[in-house]
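Undergrad: output the structure for:
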Amino acid sequence: MTRSAHDVLVSVIEDVLGRQLDPELSFLEAGGDSLSAMRVVASLRSAGLALSVVALLEATPIARIDMRADAPAPRTPDEDDDQHDDGSAPLTSQQQLVWFEEIAHPGSSAYVFRAVLRFRHMPRQDRIEASFRALLAEHPVLRMRVDDGDGRAFMRVSDGSLGTVERLDLPEDRSTDAILEAAGANRPFDIRAGGLVRWTALVGPEGNGVLVHAEHHLVHDGQSFNLLLAHLERLERGERSDDAPGYLDYARRAHSDAPMRRSKAVDAAHRLPRDLHDFGFGAPADRERQPRASYLRLPVPEGIRRTVKEHSDRGGVTEFTVWLHAFVRAVGTGWDASSFVVGVATSNRPSGCEATVGMFVSTVPVAVSPGTDTINDTARRLREALAVSDLDLQEYVSAARERGLERDQVIPQIAFSQHVQSLTKVTVGGEEAAVEVGIPGGGVKFACNVVLVRGPEGDALQFEYDESQLDADTIWALWTRVGRELVVVNGPRRVPSFFPQDSATDKVALRDGHDQLRYRDLEQLARRLATFGEPGDRVGVLGAASAHAFATEYALHLAGRTFVPLDPNVPTPRLQRMVEIAECTAVIDLDGGSVDLGAQTVSWDDVWALPLSDLPALAPETAYVMFTSGSTGEPKAVRVPSEAMHALGRWGAEELGLDIGTRIAQTASIGFDASIWETWTSFSAGSELLVVDNETKRDPVALVELMTDELIEVAFAPTPTAHILMDAKWPDNSRLRVLGAGGDRLHAFRRPQRFEVVNLYGPTECTSVVSAARVHSSSKAAPTIGPPLPHAGVSVVDDHGGLVGSGEAGELLVSGPLLAIGYIGIQDKEDSRFVLHPHEDVPTRAYRTGDIVRRLEDGSLEFLGRRDRQIKIAGVRIELGDVEAIALSIEGVRRAVVDVVETPDAKRLVIRVEAPGIRPDNVTQMLREALPTYVRTSTIEVLEALPLTANGKVANLPARNEGPVAADTAATSAAAVAPRGTADFALARAATLVGTNDVEASWLALGGSSLAAAQFVSWWRSAMPGTLSVVQLLRTDNVASLIRANVNAEETPLMPATTPSRAADDPGLADIVRSLLERLPENTRLALAAEIVALAARQLEH
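TA: Now for the predicted structure:
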């Protein structure tokens, strides 16, 4: 390339981009895009230099562009006209934008339209090909190719032998995605070779089949596809097609209007407001990588369709205008944008071209102000957009820049359009097919493109989005907000206040080792709390699980207040934040602590000193606020309505066969929502609830003994604890008949028992129970999570929001009166999880659980796992992002990354933090104190620097299944050589479990978990003399000293002397647990260790 040509090139690029150029950069790196590339090429042509847009966009760097100064001069307009004689025409303004994208991303499927025609009886191959050839002959534009070798784009009609239809076998998976993949529907078109429409026939063994239609958007718009279907119908009837001007004729006429289009573009740019919001997405054409496309296709509830029509009739506007107005307002709310540009697809078919097949639709930028625009303003803006639907986009951007607006402000990054499907069935080759259209391809045109698909059988909103810019939660939230702009979805009903049965008044309601309260006592407490604050106030209940704690919750509810359970083992700063988020007006401190939580604090005695008052007739709208793990480090507050809590209590009482005086064991902590199920099920029946003390919860033997001695009929246990109780040897005089279990996967009974298990499933956001399955000890099948509760609606949807059939896996959506009201103070999260239900005719809410399930033929649900970064350890749901956020809050921590590692003995978190120049033990101590109790035993690694990838991100941690955290090899060696039964033998075993050779510290400080402690004690009982309890192990300051002191102690019987005797060959509880652990794979043994320890350890680990 000569120096003079290079100087011209650099000068032109600098003039177009408005900045000094570094020739060692590529055009895209220098800030160029496809539109500015067109301007550069046009300017070069006027200087007698030829360069293609493709070469300019692909060149790296600019200095190496191969261009000759003696390139052919540009054609004159007259020469352009001569090209028309050989069947060519310039690309239309609608086609040019598609061409820009093709240049920027060759092979992208963003502009590929696909349709699926499903046949019960597949036509003969020759008849299919005859129909295809007839279409191509009738509409030359379908045979077009693009000639853009000199930087200008013309379409020319190919004369090659087109019309071949590939024939393939129909895959076993008949889903649309599988069929499109089998047909290769996303493979790119070569726009320069032609043949921008292809058919693929997939034939099944039963004679059925599918015809896949794919075409490039250079020759397509929605109306044109409808015309093709109509043409196929006419072919079948032997009718002649309607006379209509060809698309190339239209293109030639449109080309002569270019000066007028440029004038429209300048006018449109000068009407733009100066405060346009930049979403920060960037146009797909400007990114060097391909966008990652995904989509949701959600049916519009019939109730919303009727509402839209009413708004349309009442306002004298089109239904599309009503939809667009709602969409614009929803976007403004979601992105806090007062003014922005939305792309609106408009068709500018001129008169006489109504039956012409071709590309007439262009996406026009429409400036909107959702906070102030009325629906009439939206209608006016649409009319203005239609008037400039053929504007010159290059001139529009240039004029906007002159006003100080950036390209990403004025070029649409989100879009809203409409596709009307006129035919749902078509005949090809003598056979009828069902037509499926509006199927997104593997690419995406905008960061978010929403299409209102309208058809005879109903409407749907299709959200196509770039996963590298947006996630599914954001799109679900947008769907919910659009619906909320159109209809009001009713919330929970106010229900009568909760009162026990009259015959239960004198019966015991609650008792523990310190106090006993009757139902009349609870009513008296409620009448006093009715004078405390105002109805609807949120009042914190701070204290460990006890008769007083649950009495306070019950009384607050009867008094018309909302109770907020607060676990005293939570770190004080987090408790303070929880009180702040919940907006508690007061806190009832049952343990008499002196912690300042930022709200009025009263004691148990203070409450009893309050005067008496009448109780309200209605229950509060919000019964309680329960906190769960959040992804930002903030506790997430869930508001649960009284209607839902009452329904849960009534169902539980009936399902468990409870009555007045039935004895129930309560084991969950106050901050665990299982406690709601335990307490309100009991209260609903007038039953007697025994709150089990912490030490008994930790010891399976003691728990069995307590339940037997106290004549307990019903109890609840987290799943790992339930496993131990299911496998235990129960005394013959046990009265236990039902054991509730929840929080993790349940396995089948391993021995006969006289009680059955109710396997409970449900998130906090659904009042803790959605479904339940009865599990009998005679059944060896893996338990399901059962059918839904009578007041729970469930739907199972795929990744795109569509319903899946029986036996197929998908995400569980829950609806009905058991849903929480929502979250406090995190509207974005609420809108993405509590969504508008897409599969109910009456507009209603549904909760997206994030759980993957499979609906079985009998209506039961099979739980398959989580779909995000939430995991469960010891039955507790943990958000990994929450833990990372807490780590980053520690002073001096620059980076943090958390992962889960499976060891032979446990599933544990590994927290790696970067804290240069700070003592690791200080960081470790501060982080452990800040973490929730159930993850304080995580492995913490403090590093000077975390390994980074080339782009500055933290390098990947080992995969979750790569094995254990590296344990001290010395401990393993010691275990191999130490004599069995000695202190060294036990020390080596303890060292292996905690992953360090030195155990001269507390179990928790060493990184041991409460479940690992339970396993160590279980191992001790089988391999060591003397006695050792889990409580001792968790409380000692020095594990090594405790082990040495216990080695020579006398062995204590597992069960007390009063336990019925057993035969020598009848195994006891320790034998059962030990043999069970030995039979299981190493990585699942911890699931059978005493989960009771995990629950109770929340008290001790603090």
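
Undergrad: can you give the distance of stretch 586-593 from its chain's centre?
TA: Here stretch 586-593 is found 37 Å from its chain centre; the criterion is CA atoms, centre = their mean, to the nearest Å.

Undergrad: ends of it, how far apart?
TA: In stretch 586-593, first residue to last residue: 15 Å (CA to CA, to the nearest Å).

Undergrad: so which bits of that stretch are buried?
TA: For stretch 586-593, the buried set under the neighbour-count rule, 16 or more other CB atoms under 10 Å, comprises A586, V587, I588, D589, L590. No exception for glycine: its C-beta is placed from N, CA and C like everyone else's.

Undergrad: also stretch 729-748?
TA: Along stretch 729-748, the positions that meet the burial threshold by neighbour count (16+ other CB under 10 Å) are 729-731, 734, 736-747.

Undergrad: since we're on the nearest residue to P616 once chain neighbours are set aside, how many residues are nearby?
TA: The shortest distance from P616 to any residue other than its chain neighbours is 4.1 Å, reached at G560 (CB to CB, 6 or more residues apart in numbering). Taking other CB atoms under 10 Å as the neighbour definition, G560 ends up with a count of 23.

Undergrad: G560 and P620 touch, don't they?
TA: Yes. Because the distance of 5.2 Å satisfies CB atoms under 8 Å, G560 is recorded as touching P620.

Undergrad: need the overlap of contacts for those two.
TA: Contact criterion CB atoms under 8 Å, 6 or more residues apart in numbering; residues bridging G560 and P620 by contacting each: P535, G536.

Undergrad: was I right to think V640 contacts E621?
TA: No. In this structure, V640 is not within contact of E621 by CB under 8 Å, at 10.3 Å.

Undergrad: what about those two, which has more around it?
TA: V640 (27 against 18).

Undergrad: low-scoring stretches of the stretch 601-750 of the chain, by residue?
TA: Segments of the stretch 601-750 of the chain classed as low confidence (criterion: pLDDT under 70) are 630-632.

Undergrad: so which residues of it form helices?
TA: 604-608, 642-655, 674-685, 694-698, 700-709, 719-727 (DSSP state H, counting those that start in this stretch).

Undergrad: need those in a markdown table (columns: mean neighbour count and distance to A137).
TA: Written out in a markdown table, the entries for the helices of the stretch 601-750 of the chain read as follows (neighbours: other CB atoms under 10 Å; distance: least, CB to CB, whole Å):
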| stretch | mean neighbour count | distance to A137 |
| --- | --- | --- |
| helix 604-608 | 14 | 88 |
| helix 642-655 | 22 | 64 |
| helix 674-685 | 26 | 70 |
| helix 694-698 | 22 | 81 |
| helix 700-709 | 21 | 81 |
| helix 719-727 | 25 | 67 |
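
Undergrad: distance between whatever helix or strand V98 lives in and the chain's centre?
TA: With secondary structure defined by DSSP states H and E, V98 is part of helix 93-104. With CA atoms, centre = their mean as the basis, the distance from the averaged C-alpha position of helix 93-104 to the chain average is 34 Å.

Undergrad: what packs against whichever helix or strand comes after that helix?
TA: Elements were assigned by DSSP H and E; along the chain past helix 93-104, the next helix or strand is strand 112-119. Helices and strands touching strand 112-119, by 3 or more CB pairs under 8 Å, 6 or more residues apart in numbering; DSSP states H and E, are helix 176-183, strand 209-216, strand 425-428, strand 431-439.

Undergrad: and the next helix or strand after the last one, C-alpha only, in CSV?
TA: In this case it means strand 431-439. Towards the C-terminus, the helix or strand next in line after strand 431-439, according to DSSP H and E, is strand 448-455. What follows is the C-alpha trace of strand 448-455 in CSV, where atoms were taken according to Å, rounded to 0.1, in the frame of the first residue of the first chain:
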residue,chain,number,x,y,z
CYS,A,448,-33.0,-7.8,24.8
ASN,A,449,-35.5,-8.2,22.0
VAL,A,450,-39.1,-8.8,23.0
VAL,A,451,-41.6,-10.1,20.4
LEU,A,452,-45.3,-10.2,20.9
VAL,A,453,-46.3,-13.4,19.0
ARG,A,454,-50.0,-13.3,18.2
GLY,A,455,-51.9,-16.2,16.7
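
Undergrad: if you count contacts, what does the next helix-or-strand element following strand 448-455 end up packed against?
TA: The helix or strand immediately downstream of strand 448-455 is strand 458-466, counting by DSSP H and E. Applying 3+ CB pairs under 8 Å, 6+ apart, one finds that strand 458-466 contacts strand 293-299, helix 302-315, strand 448-455, helix 472-486.
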